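**Q** Next comes the sequence, and after it the predicted model I'd like to discuss.
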Amino acid sequence: MTGRFYGLGVGPGAPDLLTLRAHRVLTRVPVVVYPACKPGASSYAWRIVREFVPGGTRRLAQVFPMSRDWASLIPVWRQNAEEIAQELRAGHDVAFITEGDPMLFSTFLHVWELLREVAPEVEVEIVPGVSSMCAAAGLTGIPLGQGDQRVALIPATWHEDDLTDALQRWDVVVLMKVARVLPKVIDLLRSLGRLEQAALVSRGSAEQQLVTRDLERYRDRRLNYLTTVLVGRPLGFVESLLAESAAGEPEDEPNDKETT
Ligand SMILES: C[S@@+](CC[C@H](N)C(=O)[O-])C[C@H]1O[C@@H](n2cnc3c(N)ncnc32)[C@H](O)[C@@H]1O
């Protein structure tokens, strides 16, 4: 019988943020696959789970190069999907681990898409993980959305005009993949008057985590790829509702014509 393929979120970094379901799968499957950016490179996702994986479990490191040259990447992704398909066809359940949540900007998504092509018969189960943006919100005290606030999640590597547009339109903005473009982001936040509303989290929840509101201090530092900037609105949402209702909104006033 064909094995089952798990897309397994392992959370943002702290091993105790792994879910009970992820733990159950990890202690049961015979094969765990984890992504690495080059051969022999260490894996952040693997370090999160290694203490829970039984000694007899087979570990399969798959290389997913960090590049934007899609034409050269796709054959590598397809080869990885084929390697996983072989394991599944041999009847082995396989867990592909991914930091944070597997449905959010993860390498798992590329493999899953190609696996559907090379082995459409395979059953897939997604196990959600605690996403880094949820961990970052808790660490910085910047809510990801309260009441009717509008929230945007974007890679900071977007073109500057698009970033400006997002920062002007949305109340809360999560900027992922920010490490290499931090100086540009700081300048933009300052020019839009939102620098004071921003905080930076690098490797949030892991032992080496950095959490700061002083973005300037890190402007020229080489930050880890796992770095996010959150931009929120000042707290006080409930207070603003109270102030609004005290002032009396015209549409909330009793309508005399209707009541008579
Ligand atoms: C390819 S995406 C992966 C997102 C992941 N699947 C999730 O659910 O959080 C990588 C980006 O996620 C963010 N990220 C991932 N882990 C992080 C962490 N522990 N602390 C801060 N940001 C993190 C960074 O912005 C990084 O560039």
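**A** Perfect, thanks for sending it.

**Q** what does this structure have sitting close to the ligand?
**A** Within the chain, the positions lying close to the ligand (CB under 6 Å from any ligand atom) are 12-13, 98-101, 104-106, 131-133, 136, 176-178, 201-206, 225-228. Every residue, glycine included, has its C-beta placed from N, CA and C.

**Q** out of these, which are buried?
**A** Among those, those scoring as buried are 12-13, 98-101, 104-106, 131-133, 136, 176-178, 201-206, 226-228 (criterion: 16 or more other CB atoms under 10 Å).

**Q** Just the residues you listed: which are in strands?
**A** 98, 176, 201-202, 227-228 (DSSP state E).

**Q** how about the helices in this structure?
**A** 20-26, 44-49, 70-89, 107-118, 132-140, 160-169, 182-191, 237-247, 256-259 (DSSP state H).

**Q** between those helices, which one is nearest to Leu215?
**A** The closest of the helices of the chain to Leu215 is helix 182-191. By CB to CB, the value is 5.2 Å.

**Q** what does the closest one rub up against?
**A** 156, 160, 163-164, 167, 175, 178, 195, 197-198, 200, 215-216, 218-220, 223, 227, 229, 231 (CB atoms under 8 Å, 6 or more residues apart in numbering).

**Q** for stretch 141-149, same thing?
**A** 133-134, 136-137, 151, 171-172, 174, 197, 199, 230-233, 235, 237, 241.

**Q** mind running it again at 7 Å?
**A** Contact with stretch 141-149 is made by 133-134, 137, 151, 171-172, 199, 230, 232-233, 237, as judged by CB atoms under 7 Å, 6 or more residues apart in numbering.

**Q** Pull out the buried positions in it.
**A** 142-144.

**Q** Stretch 171-190 now?
**A** In stretch 171-190, counting by 16+ other CB under 10 Å, buried: 171-179, 181-182, 185-186, 188-189.

**Q** residue contacts, the closest residue in space to Tyr44 that isn't next to it in sequence?
**A** Spatial nearest neighbour of Tyr44, chain neighbours left out: Glu99 (5.4 Å); criterion: CB to CB, 6 or more residues apart in numbering. Neighbouring residues of Glu99 by CB under 7 Å, 6+ apart: 10, 12, 44-45, 48.

**Q** try it again with 6 Å
**A** Each residue near Glu99 by CB atoms under 6 Å, 6 or more residues apart in numbering is listed here: 10, 44-45.

**Q** Between its first and last residues, how far does stretch 95-105 reach?
**A** For stretch 95-105, the first and last residues are 18 Å from each other (CA to CA, to the nearest Å).

**Q** and it, how far out from the chain's middle?
**A** Relative to its parent chain, stretch 95-105 has a centroid offset of 8 Å by CA atoms, centre = their mean, to the nearest Å.

**Q** can you count the residues close to the nearest residue to Arg89 once chain neighbours are set aside?
**A** Closest residue to Arg89 apart from its sequence neighbours, by CB to CB, 6+ apart: Thr2 at 6.0 Å. Using other CB atoms under 10 Å, Thr2 is surrounded by 15 other residues.

**Q** Do I have it right that Thr2 meets Leu88?
**A** Yes: using CB atoms under 6 Å, Thr2 makes contact with Leu88 at a distance of 5.4 Å.

**Q** joint contacts of the two?
**A** With contacts defined as CB under 6 Å, 6+ apart, the residues shared by Thr2 and Leu88 are Val122.

**Q** how about stretch 114-122: buried residues?
**A** 114-115, 119, 122.

**Q** Identify the residues contacting that stretch?
**A** Contacts of stretch 114-122 (CB under 6 Å, 6+ apart): 2, 5, 77-78, 81-82, 85, 88.

**Q** Show me which of the contacts of helix 182-191 are buried.
**A** Buried among these (16+ other CB under 10 Å): 156, 163, 167, 175, 178, 195, 197-198, 200, 215, 218, 223, 227, 229, 231.

**Q** out of those residues, who's nearest Ala36?
**A** Among the buried ones among the contacts of helix 182-191, and counting by CB to CB, the member closest to Ala36 is Thr227, at 19.2 Å.
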